[in-house]
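Chemist: Sequence isn't available, so here's the structure alone:
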Ligand SMILES: Nc1ncnc2c1ncn2[C@@H]1O[C@H](COP(=O)(O)OP(=O)(O)OP(=O)(O)O)[C@@H](O)[C@H]1O
């Protein structure tokens, strides 16, 4: 059961609305008429067995794929045909299943890449290092350092990202995503490769991200983490939505239990 209270009132307008989305790749229907929404301030979990369509859902929300049919609306704006950078500017950030940091940059510079998204500094201002440029640069660095502290990677700002531990690299990716000042942050398997202590720490970080005013979409295989941190969960199987509800409802749902390897209940209970 989630020990976090859903902060969004049930009647709140969705921040993200995925409406009857279908995505086909040749003969493969990766998402089949899937609808769900996310209210502001929610932590929504998207779960399902391998190949269920979770990453495809991320990719359609972040502009990597276009829906074959159906619509995705974010904060009142239809996302169809929007480029990835436009979607980032609108306020959606993501991390990836596989770490995608810039290896030849420091931790701080990796975060600054995220902060650059909203920069209004033009080439001339940068070349001549105008007062506006210098102020913006100082503010971005301050934000980046605050974010490194927020995710728990303090004291490593000047190190190359490849010198950080695996866990710190994953947290650094989250800091970089947060640097874009998102309204919605999409985390794709953030606990992959984590030990139990790191998972506990990650759960707290996800709660802190929400408490700082963000909305969170979480794709994760670790059921204990999902059940412990999410307000609501959507379950996909073979590209279709098969269930939606609170962690308690999902754990008791026979369709979900069947989807997870024929009633290996402890997987769904999060007892693994
Ligand atoms: N670019 C693509 N071209 C063709 N098929 C694709 C493409 N992307 C995804 N698929 C297919 O769509 C289906 C859903 O894949 P997806 O990666 O979204 O699943 P997933 O739930 O994220 O799986 P996992 O938990 O293993 O990451 C799979 O059958 C996959 O092979």
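Modeler: Ah, there it is. Model, not experiment: these values are computed from the prediction.
Chemist: Measure how buried residue 29 is and give me the count.
Modeler: Residues near residue 29, counting by other Cβ atoms under 10 Å, number 17. In this view, the C-beta of every residue, glycine as well, is placed from N, C-alpha and C.
Chemist: oh, and call the first residue 30 from now on, that's how I've got it
Modeler: Okay, residue one is now 30; in that scheme the one you just asked about reads as residue 58.
Chemist: tally of neighbours for the closest residue in space to it that isn't next to it in sequence?
Modeler: Excluding the flanking residues, the one nearest residue 58 by Cβ to Cβ, 6 or more residues apart in numbering is residue 268, at 5.2 Å. Neighbour count of residue 268, defined by other Cβ under 10 Å: 21.
Chemist: was I right about residue 268 contacting residue 50?
Modeler: No: applying Cβ atoms under 8 Å as the test, residue 268 and residue 50 come out as separate, 10.1 Å apart.
Chemist: Can you pull the residues that touch both of those two?
Modeler: Shared contacts of residue 268 and residue 50, defined by Cβ atoms under 8 Å, 6 or more residues apart in numbering, are found at 60, 63.
Chemist: Just the pLDDT for the residue nearest to residue 58.
Modeler: Here the pLDDT value assigned to residue 268 is 96.
Chemist: what sits against it?
Modeler: Contacts here follow Cβ under 8 Å, 6+ apart; on that basis residue 268 touches 58, 59, 60, 61, 63, 81, 82, 85.
Chemist: Mind doing that once more with 10 Å?
Modeler: By Cβ atoms under 10 Å, 6 or more residues apart in numbering, residue 268 lies in contact with 51-53, 57-63, 77, 80-82, 85-86.
Chemist: overlap between the residues you listed and the residues near the ligand?
Modeler: Among the contacts of residue 268, the ones lying near the ligand by Cβ under 6 Å from any ligand atom are 57, 59, 77, 80, 81, 82, 85.
Chemist: Spatially central residue for the protein, please.
Modeler: residue 215 (1.4 Å; Cα atoms, centre = their mean).
Chemist: my read: that one touches residue 124, true?
Modeler: Yes: under the criterion of Cβ atoms under 10 Å, residue 215 makes contact with residue 124 at 7.4 Å.
Chemist: Which residues are in contact with each of those two?
Modeler: 87, 206, 248.
Chemist: Residue 135 and residue 201: what is the separation?
Modeler: Applying Cβ to Cβ, to the nearest Å, the value for residue 135 to residue 201 is 10 Å.
Chemist: Now the residue nearest to the centre of the chain: which helix or strand?
Modeler: Here residue 215 sits within strand 213-217, counting by DSSP states H and E.
Chemist: ditto for residue 81
Modeler: Secondary-structure assignment from DSSP H and E places residue 81 in no helical or strand segment.
Chemist: how close does it sit to residue 221?
Modeler: Here the criterion is Cβ to Cβ. By it, residue 81 lies 16 Å from residue 221.
Chemist: So these two - more neighbours on which side?
Modeler: Using other Cβ under 10 Å as the criterion, residue 81 and residue 221 rank with residue 81 on top: 23 against 14.
Chemist: which SS class is the nearest residue to the more buried one once chain neighbours are set aside?
Modeler: Of all residues not flanking residue 81 in the chain, residue 265 sits nearest, at 4.1 Å (Cβ to Cβ, 6+ apart). Judged by DSSP: H, G, I helix; E, B strand; the rest coil, the three-state class of residue 265 is strand.
Chemist: Could I get the pLDDT score of residue 265?
Modeler: pLDDT, residue 265: 95.
Chemist: ok, it - contacts?
Modeler: Residue 265 neighbours (Cβ under 10 Å, 6+ apart): 59-61, 63, 65, 75-78, 80-83, 85-86, 248, 271-272, 288.
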